[in-house]
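[1] Here is a sequence with its predicted model. Questions after.
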Amino acid sequence: MSRIGRKPVEIKKGVSVEIQNGTIKVKGPKGELTQTYDTRINITVENGQVILTRNSDDKRVRALHGLYRALIQNMIIGVSEGYTKKLEIVGVGYRAEWKGRGLQLALGYSHPIFFIPPQDVKIEVPAPTNIVVSGIDKQLVGQVAAKIRSFRPPEPYKGKGIRYEGEQIIRKAGKTAGK
């Protein structure tokens, strides 16, 4: 039995979970999320907990058992607390600012980069070198943060670029002076 899938998911106060025809819907104070699931996994709500069981011991079903348990827990945390990813910009002249309905980044290229986030994700720029990505969908928040980071990933020699807050960049030694 899956060690992750066997644990029940606690439903937080103010969160409601509905299960219908292979779809699970989670509503909370921050919003609503839906997820389809494989019908070989049985999902029930009882005593303020979501319990997952599986019909067979097939390898694919065993993998889905833990997956759907983790997805449901992420949905419950998302609609009650939300998720945030913080990014730091390192480099002379590198900066970010919110313009209109998108994020404008100056990252040392000959042109500024303009990024319009999806509707479910909120981006804040508290300082020109800090970006905060937040939302209720953990996967979407992580994907948007990764997309912003991909515009100028940190380079290993000087460490310039966009990095996650607290991310350690492994630095390489540069060329040493000749004779």
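    Cool, the structure landed.
[2] what helix or strand does the most centrally placed residue in the chain sit in?
    Most central in the chain under Cα atoms, centre = their mean is Gly142, positioned 2.8 Å from the mean C-alpha point. Taking DSSP states H and E as the criterion, the element that holds Gly142 is helix 138-150.
[3] helices and strands around that helix, which ones?
    helix 59-80, strand 83-90, strand 121-127, strand 130-135, strand 161-164 (3 or more Cβ pairs under 8 Å, 6 or more residues apart in numbering; DSSP states H and E). No exception for glycine: its C-beta is placed from N, CA and C like everyone else's.
[4] The shortest one - what's its average pLDDT?
    If you average the pLDDT over strand 161-164, you get 96.
[5] where does Gly159 fall, phi/psi-wise?
    Backbone dihedrals for Gly159, given as degrees, to the nearest 10, come out at phi 80, psi 10.
[6] Quick check: nearest residue in space to it, chain neighbours excluded?
    Excluding its sequence neighbours, the residue lying closest to Gly159 (Cβ to Cβ, 6 or more residues apart in numbering) is Ile169, at 4.9 Å.
[7] beta partners of the spatially closest residue to Glu10 that is not a sequence neighbour?
    Spatial nearest neighbour of Glu10, chain neighbours left out: Gln49 (5.9 Å); criterion: Cβ to Cβ, 6+ apart. The bridge-partner assignment for Gln49, based on DSSP bridges, gives Glu10, Glu46.
[8] Make residue 1 into 727 and carry on from there
    All right, first residue 727 from here; so that's Gln775.
[9] how close does Gln775 sit to Lys733?
    Remark: distance between Gln775 and Lys733 (Cβ to Cβ, to the nearest Å) = 10 Å.
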